[in-house]
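A.B. asks: Would you be able to build a 3D model of this:
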Amino acid sequence: MKSKRVGQIEFLRFIFCVAVIIFHCSQKIFESLRGPAFTFGWAPRGYIGVEFFFLLSGYFMAASIYKMISPENTVSKGTNYFRFLWKKYISVFPYHMVAFAFVLVVDCIIEAGVSLTKLLNVIPGFFLIQRSGISFYNLNGVEWYISAMLIAMAFILPVAVKFKDVYFKVLAPLSALLIYGWLVHEFGTISGTTEWTPVGYRCFWRAIAGLNLGAFVFWAVSQMKKIDFTKKEVTFARVSSVVLWVISVVYAFVYTDKQYEVINVFVMTIALMLTMTFASTDGNFMQSKFVMFLGKFSLPLYLNQIAAIKIVKACFGSVPQAAAVALVLVIDVVFSLICQYAGDALMRAFLKSKLNKAVMGIK
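C.D. replies: Okay, here's the model as predicted:
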């Protein structure tokens, strides 16, 4: 089964990215300046957008796993693993490099200077290995998600290929359920990015759970696509997916008890399953170039938010809340447009490099 870009999903990438940014405005500007008792009514659960990103990454990871276990694939397992992780790494790294440079410059200006110690301390973050536990200074804090995802994928791949159907049908959904259960029981929430446990960062296990759930969705979609649904059933499924996505998005923008985060993740799981099975990919607005651009643009927008937040907090911290959020979004968009253009250029250079050709077996 081929995994195509679906306009509804690309649009949701953008919406959930904006939700995460607004949440961070509250956390890193208003609460930081006015104290933890301060409450900001916009996107108080916006961080749930990261769960959407994990689900989606797990879905597309599963598409690659299916290719690995295909009888036509004669490449060794180790080579397959390494090539997948390399491809995933360089799909992010060029944009990360540009965003990292932006936030480093902004940080040095605001903190009035740069030192050898600071440059040494940001090295783990630069190579996206900070969620291994090797982290000296969390410069671009939102990149924890990418670091945790890459490390989690490196663990999941050999397990998925080894156990195949058992992984997709049993191990993936069961492990997601048990990990989410552990997080809720132990910490009262599935969120959290900096807390260290005896088995590593909590966010690493958060990534494992989300990726496994996304992989299960891919298997479920592959089975559902074999069924001949009636037009009424297709219509009902499409309407249901829209309703479930609305519930998930509203949850991100409305204050509710944290214990319901995990319920919302399961709502997103069902919605993703329905969307990827029944979404129309005909030439409608949701399949337009503009919507596809928004989906692609969500990555640099996500990566550049900290630079924008640092600038607004340092220079415009006393302005009204709505103005501060608007400024963050405007500055973020400006940085992200540059990041998109420069990242695309770096990406083309990476893909043409001798190192990439050697790793991917391109002659």
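A.B. asks: Summarise which helices and strands the helix or strand that contains Gln223 is packed against.
C.D. replies: Per DSSP states H and E, Gln223 falls inside helix 202-224. With contacts defined as 3 or more Cβ pairs under 8 Å, 6 or more residues apart in numbering; DSSP states H and E, helix 202-224 has these neighbours: helix 49-68, helix 144-163, helix 172-187, helix 261-278. From N, CA and C alone the C-beta is placed, and that goes for glycine too.
A.B. asks: Output those helices in a markdown table, with distance to Ile338 and mean pLDDT appended to each entry.
C.D. replies: Converted to a markdown table, the helices and strands packed on helix 202-224 look like this (distance: least, Cβ to Cβ, whole Å; pLDDT from 0 to 100):
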| stretch | distance to Ile338 | mean pLDDT |
| --- | --- | --- |
| helix 49-68 | 23 | 95 |
| helix 144-163 | 19 | 96 |
| helix 172-187 | 37 | 96 |
| helix 261-278 | 31 | 96 |
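A.B. asks: now these in a markdown table, with mean neighbour count?
C.D. replies: Shown next, in a markdown table, are the helices and strands packed on helix 202-224 (neighbours: other Cβ atoms under 10 Å):
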| stretch | mean neighbour count |
| --- | --- |
| helix 49-68 | 22 |
| helix 144-163 | 20 |
| helix 172-187 | 17 |
| helix 261-278 | 21 |
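A.B. asks: Figure out which of those helices is closest to Cys339.
C.D. replies: Nearest to Cys339 among the helices and strands packed on helix 202-224 is helix 144-163 (14.2 Å), distances taken as Cβ to Cβ.
A.B. asks: Return that closest one as CSV; C-alpha atoms alone will do.
C.D. replies: Taking C-alpha atoms only, helix 144-163 is exported to CSV below (Å, rounded to 0.1, in the frame of the first residue of the first chain):
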residue,chain,number,x,y,z
TRP,A,144,13.4,17.2,21.8
TYR,A,145,10.6,15.8,19.7
ILE,A,146,12.9,15.1,16.7
SER,A,147,15.7,13.7,18.9
ALA,A,148,13.3,11.4,20.8
MET,A,149,11.6,10.3,17.5
LEU,A,150,14.9,9.3,15.8
ILE,A,151,16.2,7.4,18.8
ALA,A,152,12.8,5.6,19.2
MET,A,153,12.8,4.7,15.6
ALA,A,154,16.2,3.1,15.9
PHE,A,155,14.8,0.8,18.6
ILE,A,156,11.5,0.0,16.9
LEU,A,157,12.8,-0.9,13.4
PRO,A,158,14.6,-4.2,14.2
VAL,A,159,11.7,-5.3,16.5
ALA,A,160,9.1,-4.6,13.8
VAL,A,161,11.1,-6.4,11.1
LYS,A,162,11.9,-9.3,13.3
PHE,A,163,8.3,-10.0,14.5
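A.B. asks: any residues touching stretch 256-265, and which ones?
C.D. replies: By Cβ atoms under 8 Å, 6 or more residues apart in numbering, the residues outside stretch 256-265 that reach it are 45, 48, 51, 55, 180, 183-184, 188-191, 210, 213, 247-248, 251.
A.B. asks: and of these, the nearest to Asn138?
C.D. replies: Distance to Asn138, by Cβ to Cβ, is smallest for Ser191 among the contacts of stretch 256-265, at 16.5 Å.
A.B. asks: looking at this, that closest one is in a helix?
C.D. replies: No. Read with DSSP: H, G, I helix; E, B strand; the rest coil, Ser191 is coil and lies in no helix.
A.B. asks: give me the number of residues near it?
C.D. replies: 18 (other Cβ atoms under 10 Å).
A.B. asks: from what I can see it touches Tyr47, true?
C.D. replies: Yes. Using Cβ atoms under 8 Å, Ser191 is in contact with Tyr47, at 5.5 Å.
A.B. asks: ok, Val18 to Phe136 distance?
C.D. replies: 31 Å (Cβ to Cβ, to the nearest Å).
A.B. asks: just Val20 next, same as before
C.D. replies: Noted for Val20: a distance of 25 Å to Phe136, by Cβ to Cβ.
A.B. asks: Contacts only, for Ala324.
C.D. replies: So Ala324 contacts 25, 29-30, 312, 316-317 (Cβ under 8 Å, 6+ apart).
A.B. asks: State the helix or strand in which it lies.
C.D. replies: Using DSSP H and E, Ala324 falls in helix 321-352.
A.B. asks: List the buried residues in that helix.
C.D. replies: Within helix 321-352, the residues that qualify as buried are 324-325, 327-329, 331-332, 335-336, 339-340, 342-343, 346-347, counting by 16 or more other Cβ atoms under 10 Å.
A.B. asks: pLDDT-wise, which helix or strand of the protein ranks last?
C.D. replies: Lowest by mean pLDDT, DSSP states H and E among the helices and strands of the chain is helix 31-34, with a mean of 62.
A.B. asks: and Tyr363, what pLDDT?
C.D. replies: Heads up, residue 363 is Lys, not Tyr. The model reports Lys363 with a pLDDT of 78.
A.B. asks: whoops, Phe102 was the one
C.D. replies: Residue-level pLDDT assigned to Phe102 equals 97.
A.B. asks: burial count for it?
C.D. replies: Using other Cβ under 10 Å: Phe102 sits among 22 other residues.
A.B. asks: I figured it hits Lys310, correct?
C.D. replies: No. Taking contacts as Cβ under 8 Å, Phe102 lies outside contact range of Lys310: 9.8 Å.
A.B. asks: For these two, list the residues in contact with both.
C.D. replies: By Cβ under 8 Å, 6+ apart, no residue touches both Phe102 and Lys310.
A.B. asks: ok, and Leu120, which helix or strand is that part of?
C.D. replies: helix 116-121.
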